[in-house]
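Chemist: Generate a structure from the sequence data that follows.
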Amino acid sequence: MAYDVEYTDEFESWWNELRVREQRSVTAVVNNLKERGPNLKKQYSSSVRSSRHGHMRELRVQSGRRPIRIFYAFDPRRTAILLIGEHKRHPERFYREYVARADAIYDEHLGELRRERVLESETRESR
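Modeler: Modelled structure (predicted):
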């Protein structure tokens with residue numbers, strides 16, 4: 001079974017700044033996510049305990065000798081949402097900053113899904 005993977009504007013902006021080699025490394029791990037979904041092996045994905053969202057995860061990418069982390073979550077549609085990525089430097093500061101950003105971006109995503117569902121239900125009711 002293939003899983004759907006989407007990304008945010010924040011992720012896209014970050015992606016556009018990556019070198020081609022880094023993009024290839026990220027693409028390889030994202031393709032694994034598409035194939036395996038929530039069953040992706042720990043070497044490629046791990047939970048993010050400091051997140052407000054109990055199901056927040058990080059993709060673990062290695063490009064050259066530089067670790068890259070991409071925060072993501074499976075939303076209520078069971079679609080993986082790539083929230084934000086960054087080169088991992090200074091682990092304590094890195095997680096404090098980027099988990100907070102990922103939480104905020106995911107909150108916004110969930111709000112958009114709620115608004116879309118409200119609009120869909122209103123459209124059905126008006127028919």
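Chemist: And the helix or strand Gly111 falls within, what does it pack against?
Modeler: Per DSSP states H and E, Gly111 falls inside helix 91-125. Here helix 91-125 touches strand 66-74, strand 80-87, going by 3 or more C-beta pairs under 8 Å, 6 or more residues apart in numbering; DSSP states H and E. C-beta coordinates here come from the backbone N, C-alpha and C atoms, glycine included.
Chemist: Export the shortest one to CSV, keeping only CA atoms.
Modeler: What it means is strand 80-87. Extracted as CSV, the C-alpha positions of strand 80-87 are listed here (Å, rounded to 0.1, in the frame of the first residue of the first chain):
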residue,chain,number,x,y,z
ALA,A,80,1.8,12.2,6.0
ILE,A,81,2.4,16.0,6.2
LEU,A,82,6.0,17.1,5.9
LEU,A,83,5.9,20.2,8.1
ILE,A,84,9.4,21.6,8.2
GLY,A,85,13.0,20.4,7.8
GLU,A,86,16.4,21.6,8.8
HIS,A,87,20.0,20.5,9.2
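Chemist: How about residues contacting that strand?
Modeler: If you take C-beta atoms under 8 Å, 6 or more residues apart in numbering as the criterion, strand 80-87 is touched by 3-8, 10-11, 14-15, 26, 30, 33-34, 37, 59, 66-75, 94, 98, 101-102, 105-106, 109.
Chemist: quick one on the thing from earlier: let's have the helices and strands packed on helix 91-125 in JSON lines, adding mean neighbour count, distance to Tyr44 and mean pLDDT.
Modeler: Conversion of the helices and strands packed on helix 91-125 to JSON lines gives the following (neighbours: other C-beta atoms under 10 Å; distance: least, C-beta to C-beta, whole Å; pLDDT from 0 to 100):
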{"stretch": "strand 66-74", "mean neighbour count": "21", "distance to Tyr44": "10", "mean pLDDT": "97"}
{"stretch": "strand 80-87", "mean neighbour count": "22", "distance to Tyr44": "12", "mean pLDDT": "97"}
